[in-house]
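Q: Sequence plus predicted model, see below.
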Amino acid sequence: MQSISIQRFLTKHKFIAYMIASLFLCFSLLLGISKGSLSIPFSTIIAVLLTEWLRLPLHIDIDPMYTNIIMSIRFPRVVLAMLVGACLSLAGAAFQGLLKNPLADPYTLGVSSGAAVGAVFVLFLGISLPIVGAFTLPFISILCGFLTLFLVIGFARALHKSMAAETIILVGIITSSFLGSLISLMIALTGDELRQIISWLLGSVAMRGWNYVYLILPFFLIGFLLLMCNTRELNALAFGEETAKNLGVNIQKRKLMILLGASLVTGAAVAVSGTIGFVGLVVPHITRLLWGPDHRHLLPLSMIMGGGFLVLTDLIARTIIAPTELPIGVITALIGGPVFAIILIRQRHRL
């Protein structure tokens, strides 16, 4: 009874929800920068960020070694992890709302599989495009993700003009299975690149640097704005397509915009970090349980919580058996699987 009253309080007071989520994210970022082979105090991290990043004249003597570690190695890594986690959680919340399926995640439509095929293809053939150079892998990956989206939408429209949620899910599953078999084929045929491909498929944000942050950032911002412009429509669609239509929602147009926004952030996240599962499934689900299903708040809160969650997960991946670093996708699966199972069991008992 007490837990229900607390949940109602959190659902009602959204300011407190944003405060809790923001504090969780800030703590995760500081902890992610602080911990490693060399521990750095929070006060030093804040001083470095204020002087080097925000350019505030604090006139504090800071060891240049700390400044170099923070600004060149750890800060870009935690920022990239935050953006990837935010993208996956944002996309997961949008897909779950659009498809009215709590088991939907960023990988439901096969966009991530398409992006993964592009990345594995680049690693398999060792391709390097003359203009983009070192960014050939994320460039091809994002491009393949978009091609997959258009394929899924086109096929779903051909089967059902109104693009029913069941049709989209079915087409997404078929597409993911087919693209998964292509990845397996390339892995079977590969030689020396096998370790590199497997490592990328398991997911990582190691050794990416600021260039990858700048690469994902515009896709994240565009996708976020697209989805936030459709939060009311997502709320209407939660009551069924007929109800949404009666409320004046242009179903097909809004579905396309939501699919485009969610696929945009998913493709960008997969392109820079590989396939990281369970983030877009578990984080929006927990956020919905804590703070309600209103997508006007569910999307940004899921985004903030997802960013903090992946920063902490990356911290565990690189420190739990240091100096060896585990793939981040392994950690998210080990944490996300049992957590999601517990959530499902608790919901089942409530019914």
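A: Everything's here; your move.
Q: Helix, strand or coil: sort out the one residue sitting closest to the centre of the chain for me.
A: Geometric centre of the chain, nearest residue: residue 88, 1.8 Å, by CA atoms, centre = their mean. Of the three states, residue 88 takes helix under DSSP: H, G, I helix; E, B strand; the rest coil.
Q: My understanding was that it contacts residue 279; is that so?
A: Yes - shown here, residue 88 and residue 279 form a contact pair, counting by CB atoms under 8 Å, at 4.3 Å. In short, each C-beta sits where N, CA and C put it, glycine included.
Q: Mind listing the shared neighbours of these two?
A: Residues touching both residue 88 and residue 279 by CB atoms under 8 Å, 6 or more residues apart in numbering: 306, 310.
Q: ok, back up a step: quick check: pLDDT value at the residue nearest to the centre of the chain.
A: Looking at residue 88, its pLDDT stands at 94.
Q: If we ignore the residues flanking it in sequence, what's nearest residue 144?
A: In space, and not counting its chain neighbours, residue 144 is closest to residue 118: 3.0 Å by CB to CB, 6 or more residues apart in numbering.
Q: any idea how far the one you found is from residue 222?
A: Plainly put, residue 118 is 19 Å away from residue 222 if you go by CB to CB, to the nearest Å.
Q: quick one, which of the two is more surrounded?
A: Just comparing residue 118 and residue 222: by other CB atoms under 10 Å the higher neighbour count belongs to residue 118, 28 against 15.
Q: Residues touching the helix or strand that one falls within, excluding its own?
A: In the assignment (DSSP states H and E), residue 118 maps to helix 111-125. Helix 111-125 is contacted by residues 106-107, 127, 136-138, 140-149, 151-152, 175-176, 179-180, 182-183, 186-187, 189-190, 193, 196-197, 200-201, 263, 266-267, 270-271, 274-275 when judged by CB under 8 Å, 6+ apart.
Q: Out of these, list just those in strands.
A: Counting by DSSP state E, none of the members of the contacts of helix 111-125 fall within strands.
Q: Just the buried ones among those residues, please.
A: 106-107, 136-138, 140-142, 144-149, 151-152, 175-176, 179, 183, 186, 190, 193, 197, 200-201, 263, 266-267, 270-271, 274-275 (16 or more other CB atoms under 10 Å).
Q: low pLDDT regions in this structure?
A: 1-13, 162, 192-193, 347-351 (pLDDT under 70).
Q: quick one: residue 134 from residue 168, how far?
A: Distance from residue 134 to residue 168, by CB to CB: 35 Å.
Q: Pick out whichever of these two has more residues nearby.
A: Between residue 134 and residue 168, counted using other CB under 10 Å, the more crowded position is residue 168 (25 against 11).
Q: That one contacts residue 110, correct?
A: No - using CB under 8 Å as the test, residue 168 is too far from residue 110 to be in contact (10.3 Å).
Q: Spit out the residues that contact these two alike.
A: With CB under 8 Å, 6+ apart as the test, residue 168 and residue 110 both reach residue 152.
Q: In contact with residue 296: list those residues for me.
A: Contacts of residue 296 (CB under 8 Å, 6+ apart): 231, 232, 235.
Q: Buried only: go through the residues you listed for me.
A: 231, 235.
Q: Which one of the contacts of residue 296 is nearest to residue 20?
A: Using CB to CB, residue 231 comes nearest to residue 20 of those, at 20.3 Å.
Q: Now do the contacts for that closest one.
A: Contacts of residue 231 (CB under 8 Å, 6+ apart): 295, 296, 299.
Q: can you rerun that using 6 Å?
A: Neighbour list for residue 231: 295, 296 [criterion: CB atoms under 6 Å, 6 or more residues apart in numbering].
Q: Ramachandran coordinates for it?
A: phi -70, psi -40 (degrees, to the nearest 10).
Q: Stretch 265-281 spans what distance, first to last residue?
A: 15 Å (CA to CA, to the nearest Å).
Q: which residues touch that stretch?
A: By CB under 6 Å, 6+ apart, stretch 265-281 touches 84-85, 87-92, 105-106, 111-112, 115-116, 138, 141-142, 145, 200-201, 203, 205, 212, 216, 219-220, 223, 306, 310, 328-329, 332-333, 336.
Q: From the chain's centroid, how far away is that stretch?
A: 5 Å (CA atoms, centre = their mean, to the nearest Å).
Q: Ok, stretch 115-124 next?
A: Distance, centroid of stretch 115-124 to centroid of chain: 19 Å (CA atoms, centre = their mean).
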